[in-house]
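*Asks:* Using only what follows, build the 3D model:
(chains A and B)
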Amino acid sequence: MNAGTLALAALGLPFCSFVLLAVALPLRRAGRAAGALSIAAIGGSLLASLVLWRTLPGESVELTWTWLPAEGGPMATVGILVDHLTASMLVLVALVSFLVQLYSLGYLEHETPPALGRYYAYHSLFAFSMLGLVLASNFLQMFIFWELVGLCSYLLIGFWYTKPEAARAAVKAFWVTKAGDLGFIIGIVLLWGQAGTFQFSRLFQMAGDRTLPTAGLALIMFLIYLGAVGKSAQFPLHVWLPDAMEGPTPVSALIHAATMVAAGVYLVSRVYPLFLLTPDVLALIGWVGAFTALLAATLGLVQADIKRVLAYSTVSQLGFMMAALGAGASDAGFFHLLTHGLFKALLFLGAGAVIHAVGTNDIWQMGRLARAMPQTMIVFLVGTLALAGIWPFAGFFSKDAVLAGVWEGGLAIPFLMLALSVFLTAFYMFRVVFVVFFGPRHAEGHAHDAPPVMAAPLWILAVLTVGWGIGLATRGGGEKAHGPEWVPWLATALAVAGIGFAWLTYQKRVVTPETLARAFAPVYTAAVGKFWLDDLYGGLYRSTLLGFSRLVGWVDRYLVDGLVNLASAWTLRWGDGLRRIQTGRAQDYLYGIAFGLLLVIVWGYWR
Amino acid sequence: MGLQPYLILAACLFTIGLFGVLTRRNAIGILLGIELMLNAVNVNLVAFARFTGETAGLIFTLFTISITVAEVALGLAIVILIFRVRRTVEADQLHLLKG
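*Replies:* Predicted coordinates:
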């Protein structure tokens, strides 16, 4: 099979599964059967993606069909574009989707069958949308899939829609990402106005031979970047991601850690040749990314909810990726996206296993789980070490590449922010590890390791995280070949310092957390208050949007409805008046006829 | 004699008929008024036919007379039926279509 067929197969299988689940009601109601179908479909996608990845020809493969025909060439096309970037992203998306869907069978075993069927229908739709986003060959198609994944995110965050927090979080996620998407679509349309095409390949060609008009391009690329800001939870639109943790944990692992939130990073990588034309926007991306990384890392320090810690860590790592892209190291950023997708999914699924066993998200309610859940402890530790950036886990190499890239890109202050974030990342992650697995408190109930259907995905991800890292280590580091010698040492030293500090604070109690909070009182207060961004947005939302809604409501109720009511009242009055003419006596009508005739005659003479 | 006196006669007849139709309360009176108006038209037609030499007016008159007969027969039949149902032929009291 050639590359195009494989890619279409990978895209088509989840779509067929979704349509089947959406249409065939008995199948969806069956629950586990629906899950089996969805898992089989995504498994097929995974196989196709893997084969595609292994057999990919050197140059990119593009298939194009006309969508909106117009004079002088089609106005819009649909198609798929497969190159190395796409293929590796396809494998990541299909792999994590497959593992998460498998894991969900165990995690959501207590759901009713119809709810489970609904869950898997959403998951199939998500897999289709995400794969479509990755394969899109033009901006318009990408935007459509971009919105579809946003929709799936909304549906899955609000999966337990009877819970008010979940419903609110779903709406919040939808709103905040839409704020970015608005910029994205405006940017796409403006770019079309400049270049006359949506297609990536033609845009890259124009960028390559410098025929793309550069006037206003910076604004366009900034607007397109706004879409990535919303989706990839960059400052200041990062506020939705921690709230999105109200969804089921596997959903958080898939959508809000590994795949969908990485779509923004993927978008910037995908159209990187265009961003290269606007160095100012790239610098902005780098600064915002680094700032997001640091901000989210400080926020992660004070969370008590295990999933929220991971969510802020996701925001932080997305900041790392964006910083690398902004500094010109697009390979490093994308590399970090791939490794992060693996180990963050692993961490979330591990956290899900813990939550499943303990029945709470609060890390202070857990403790000593290392003895009760040894397997989970091992895989969680693997993920944590990878996230902290310890040799030879995969995260070490990608984080190192990111740091080296940012340093090489000449962004000194963002580099310092990222270095501080590395330290904080190690600290807050090992805070979780020490408190949850080695803490003094006994968890209530009988915690035990996850059942095989949940443990298998964990082990697969853990093995991949370690195996990939070891593979990179034996091949001499692969992508991190460039950059100064001291960067990996600095990163490792910072990470180890963070781990050691966490050990001293939460295990040995040499320094109490309270002392730390007092020492860094301003930062601590700000972090507990989430830097008041949520309050700011909430206030803005309430004052402007709700105020505006109230105004519109008033206009509708009194002006629009008033006009309608006036019209109907007048009609009634006039009708009542005219009714009296109808006396029912034929002679009165005859008077009317005679009088009218007279008028006509007189008028005729008058003229 | 010229055309004018005939036309004046017809106009007088028509006006009297119209007056009768509009003012009479009795249904039969109204029918009589209609009869007068129709005959005024007949006078007009015959007068014009006579002065222009066209025979069409005469033929129309013949039709009008026969149709008038039918109309009166029908009208009277309706009046009798109304009387049977409503016990009156006063037009004022026949106002079932009052709005």
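
*Asks:* Can you give the contact residues for stretch A:504-520?
*Replies:* For stretch A:504-520, contacts defined as Cβ atoms under 8 Å, 6 or more residues apart in numbering or on different chains pick out A:430, A:431, A:434, A:435, A:438, A:439, A:501, A:524. Every C-beta, even on glycine, is put in place using the N, C-alpha and C of the backbone.

*Asks:* run the last query once more with 6 Å
*Replies:* Residues outside stretch A:504-520 that contact it (Cβ atoms under 6 Å, 6 or more residues apart in numbering or on different chains): A:431, A:434, A:435, A:524.

*Asks:* What are the boundaries of the helices in chain B?
*Replies:* In chain B, the segments counted as helices under DSSP state H are B:4-23, B:27-52, B:56-86.

*Asks:* got the CA coordinates for the shortest one in PDB?
*Replies:* So the one you mean is helix B:4-23. Presented in PDB, the C-alpha positions along helix B:4-23 are these (Å, rounded to 0.1, in the frame of the first residue of the first chain):
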ATOM      1  CA  GLN B   4     -82.000  63.200 -24.600                       C
ATOM      2  CA  PRO B   5     -85.600  62.900 -23.300                       C
ATOM      3  CA  TYR B   6     -85.200  59.100 -23.400                       C
ATOM      4  CA  LEU B   7     -82.000  59.300 -21.400                       C
ATOM      5  CA  ILE B   8     -83.500  61.600 -18.900                       C
ATOM      6  CA  LEU B   9     -86.500  59.200 -18.500                       C
ATOM      7  CA  ALA B  10     -84.100  56.300 -18.100                       C
ATOM      8  CA  ALA B  11     -82.000  58.200 -15.500                       C
ATOM      9  CA  CYS B  12     -85.200  59.100 -13.600                       C
ATOM     10  CA  LEU B  13     -86.300  55.500 -13.600                       C
ATOM     11  CA  PHE B  14     -82.900  54.300 -12.500                       C
ATOM     12  CA  THR B  15     -82.700  56.900  -9.700                       C
ATOM     13  CA  ILE B  16     -86.200  56.000  -8.500                       C
ATOM     14  CA  GLY B  17     -85.300  52.300  -8.600                       C
ATOM     15  CA  LEU B  18     -82.100  52.900  -6.700                       C
ATOM     16  CA  PHE B  19     -83.900  55.000  -4.100                       C
ATOM     17  CA  GLY B  20     -86.500  52.300  -3.700                       C
ATOM     18  CA  VAL B  21     -83.800  49.600  -3.300                       C
ATOM     19  CA  LEU B  22     -81.900  51.700  -0.700                       C
ATOM     20  CA  THR B  23     -84.900  52.900   1.300                       C
END
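
*Asks:* Output the contacting helices and strands for it.
*Replies:* Under the contact criterion of 3 or more Cβ pairs under 6 Å, 6 or more residues apart in numbering or on different chains; DSSP states H and E, helix B:4-23 touches helix B:27-52.

*Asks:* For residue A:303, find the nearest of the helices of chain B.
*Replies:* The closest of the helices of chain B to residue A:303 is helix B:56-86. By Cβ to Cβ, the value is 91.6 Å.

*Asks:* buried set for that closest one?
*Replies:* For helix B:56-86, burial by neighbour count (16 or more other Cβ atoms under 10 Å in any protein chain shown) applies to B:57, B:60, B:61, B:64, B:68, B:75, B:79.

*Asks:* And stretch A:184-204, by the same measure?
*Replies:* Here stretch A:184-204 shows A:184-192, A:194-195, A:197-203 as buried, counting by 16+ other Cβ under 10 Å.

*Asks:* Same check on stretch A:254-270?
*Replies:* A:254-270.

*Asks:* Give me the subset of those that lies in strands.
*Replies:* Using DSSP state E, no member of the buried residues of stretch A:254-270 falls in strands.

*Asks:* what's the spacing between the residue most central in space within chain A and residue A:177?
*Replies:* When Cα atoms, centre = their mean is applied to chain A, the residue found nearest the centroid is residue A:261 (2.9 Å). With distances taken as Cβ to Cβ, to the nearest Å, residue A:261 is found 10 Å from residue A:177.

*Asks:* JSON lines please, covering the contacts of stretch A:504-520 and showing neighbour count, pLDDT and secondary structure.
*Replies:* Putting the contacts of stretch A:504-520 into JSON lines (neighbours: other Cβ atoms under 10 Å in any protein chain shown; pLDDT from 0 to 100; DSSP: H, G, I helix; E, B strand; the rest coil) gives the following:
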{"residue": "A:431", "neighbour count": "25", "pLDDT": "87", "secondary structure": "helix"}
{"residue": "A:434", "neighbour count": "20", "pLDDT": "85", "secondary structure": "helix"}
{"residue": "A:435", "neighbour count": "22", "pLDDT": "84", "secondary structure": "helix"}
{"residue": "A:524", "neighbour count": "17", "pLDDT": "75", "secondary structure": "helix"}
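
*Asks:* For chain B, which residues are neighbours of chain A?
*Replies:* B:22, B:91, B:95, B:97, B:98, B:99 (Cβ under 6 Å from any Cβ of the partner chain).

*Asks:* Now pLDDT, distance to residue A:316 and neighbour count too, for the residues you listed, in CSV please.
*Replies:* Formatted as CSV, the residues of chain B next to chain A follow (pLDDT from 0 to 100; distance: Cβ to Cβ, whole Å; neighbours: other Cβ atoms under 10 Å in any protein chain shown):
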residue, pLDDT, distance to residue A:316, neighbour count
B:22, 89, 97, 15
B:91, 83, 96, 19
B:95, 81, 88, 14
B:97, 79, 84, 11
B:98, 79, 84, 10
B:99, 71, 79, 12
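
*Asks:* Those: which two are farthest apart?
*Replies:* B:22 and B:99 (20.3 Å).

*Asks:* Could you pull up the residues touching residue A:389?
*Replies:* Residue A:389 sits next to A:395, A:396, A:399, A:491, A:495 when contact means Cβ under 6 Å, 6+ apart.

*Asks:* Excluding chain neighbours, what is closest to it?
*Replies:* Closest residue to residue A:389 apart from its sequence neighbours, by Cβ to Cβ, 6 or more residues apart in numbering or on different chains: residue A:399 at 4.1 Å.

*Asks:* Just to be sure, that neighbour is in a helix?
*Replies:* Yes - counting by DSSP: H, G, I helix; E, B strand; the rest coil, residue A:399 is located in a helix.

*Asks:* Can you tell me how far it is from chain B?
*Replies:* To chain B, residue A:399 is 88 Å away according to Cβ to the nearest Cβ, to the nearest Å.

*Asks:* re earlier: pretty sure the residue nearest to the centre of chain A contacts residue A:234?
*Replies:* No - counting by Cβ atoms under 6 Å, residue A:261 does not reach residue A:234; the two are 10.0 Å apart.

*Asks:* that older thread, now the contacts of stretch A:504-520 in JSON lines, with distance to residue A:555?
*Replies:* Compiled in JSON lines, the contacts of stretch A:504-520 are given as follows (distance: Cβ to Cβ, whole Å):
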{"residue": "A:431", "distance to residue A:555": "52"}
{"residue": "A:434", "distance to residue A:555": "58"}
{"residue": "A:435", "distance to residue A:555": "54"}
{"residue": "A:524", "distance to residue A:555": "46"}
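
*Asks:* how about CSV for these, with distance to chain B added?
*Replies:* Shown next, in CSV, are the contacts of stretch A:504-520 (distance: Cβ to the nearest Cβ, whole Å):
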residue, distance to chain B
A:431, 86
A:434, 90
A:435, 86
A:524, 82
